[in-house]
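Undergrad: here you go, sequence then predicted model.
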Amino acid sequence: TFSLGIAPLAKRGSVMERDFYGHSARRFGALKSPEEIGRIAGERAAARLGSTKIKGGKMPVVFASRVATTFVSSLLGAISGPAVARGNSFLKSKMGVRVFAEG
């Protein structure tokens, strides 16, 4: 396999943000170009500039696909038999409790 990735920094005044983008392919010819990978990573880092943290609470959330994949993977790991049996699942005390909204 071939892979290429970058973690650029974006800066505006004294504020700096970092993000990452990478791509892997079985064939070198199928690998995205360094320019495209750099553009995507740069756009992601620049989009973080000026962002603010939100207060915690119950609210509807829409996840970007790259975040949703990690979220679903963590959830599947938490509900797996071995994680529950070892007692290291973050859902271990939620048996019978709804963890997602209906729908």
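TA: Now that the structure is in, tell me what you want to look at. Here the structure is a predicted model, which means the values were calculated and not measured. Numbers count the residues shown, from 1 in each chain.
Undergrad: model confidence over stretch 69-84, on average?
TA: The average of the pLDDT scores along stretch 69-84 is 81.
Undergrad: what residues sit buried inside that stretch?
TA: For stretch 69-84, a neighbour-count test (16 or more other Cβ atoms under 10 Å) marks 78, 83 as buried. C-beta coordinates here come from the backbone N, C-alpha and C atoms, glycine included.
Undergrad: quick one: that stretch to chain centroid distance?
TA: Computed by Cα atoms, centre = their mean, to the nearest Å, the chain-centroid distance of stretch 69-84 equals 15 Å.
Undergrad: same deal with stretch 78-88?
TA: The answer for stretch 78-88 is 23 Å, by Cα atoms, centre = their mean.
Undergrad: so E43 versus L49, what's the distance?
TA: 11 Å (Cβ to Cβ, to the nearest Å).
Undergrad: one more: H23?
TA: 24 Å.
Undergrad: settle it for me: which of those two has more neighbours?
TA: For H23 versus L49, the count of surrounding residues by other Cβ atoms under 10 Å is larger for H23: 16 against 13.
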